[in-house]
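[1] sequence first, predicted model second:
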Amino acid sequence: MASMCGRTRSRTVTQSKRAAAGVADDQRRRRLGATTNATATGPNSPVVHPWVKNGQQQVRFGIGGGPFASDWSALREFVHMVEDLGFDSYWRPDHPAFGPDGWMTLAAAAASTHRLRLGTTVSCVFYRHPLLLARLVADLDRISEGRAVLGLGA
């Protein structure tokens, strides 16, 4: 009986610690302005980006490609047309052997658009050092005022 009480007490203390940690996590998320997934609850529930959460109830369309960035004026006209037609996002390939740099092209598109989300179709983690890739995405996110999207692949 004593050992059973000891296990029960131990479990209760552990549950109390987990509950306290969950409250602290929730408070931290609220302070940072994050939202939690409505279907998951608890301290380990995923944080859903507002763009993703808002788009869960609607269909979105993006477009990839367009003119190569060697003709910057044609690219600018293309992304203006894409934005005017109501597309939600613009995507470029990120491959060192396939045309101009995808992140540089997206930065040029960010400077001339206001609403489009901008991202590469998939950035292979083996093409660039992770620190360099993080810097490129962070710079694009600042230039585009938070419209950068990062997709990773191997």
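    That came through, no problem.
[2] could you chop this structure up by domain?
    Following automatic domain parsing, one gets these domains for the chain: 2-50, 59-153.
[3] return the most buried member of the ones you listed.
    Highest mean neighbour count among the domains of the chain (mean count of other C-beta atoms under 10 Å): domain 59-153, with a mean of 16. All C-beta atoms are positioned from the backbone trio N, CA, C, and that covers glycine.
[4] please report how far the closest residue to W51 other than its chain neighbours lies from H49.
    Once flanking residues are discounted, W51 sits nearest to R117: 6.9 Å by C-beta to C-beta, 6 or more residues apart in numbering. Here R117 is placed at a distance of 11 Å from H49 (C-beta to C-beta, to the nearest Å).
[5] ok, C124 next?
    Going from C124 to H49 by C-beta to C-beta gives 22 Å.
[6] give me every residue that touches the residue found closest to R76 once you drop the neighbours it is linked to in the chain.
    Residue nearest to R76 in three dimensions, not counting chain neighbours: S112, with 4.9 Å by C-beta to C-beta, 6+ apart. For S112, the contact set (C-beta atoms under 8 Å, 6 or more residues apart in numbering) comprises R76, V79, H80.
[7] select from these every entry located in helices.
    R76, V79, H80 (DSSP state H).
[8] what is the nearest of these to L150?
    V79 (18.8 Å; C-beta to C-beta).
[9] what sits closest to the closest one if chain neighbours are left out?
    A109 (4.5 Å).
[10] likewise for L136?
    Nearest non-adjacent residue to L136, counting by C-beta to C-beta, 6+ apart: W103, 4.3 Å away.
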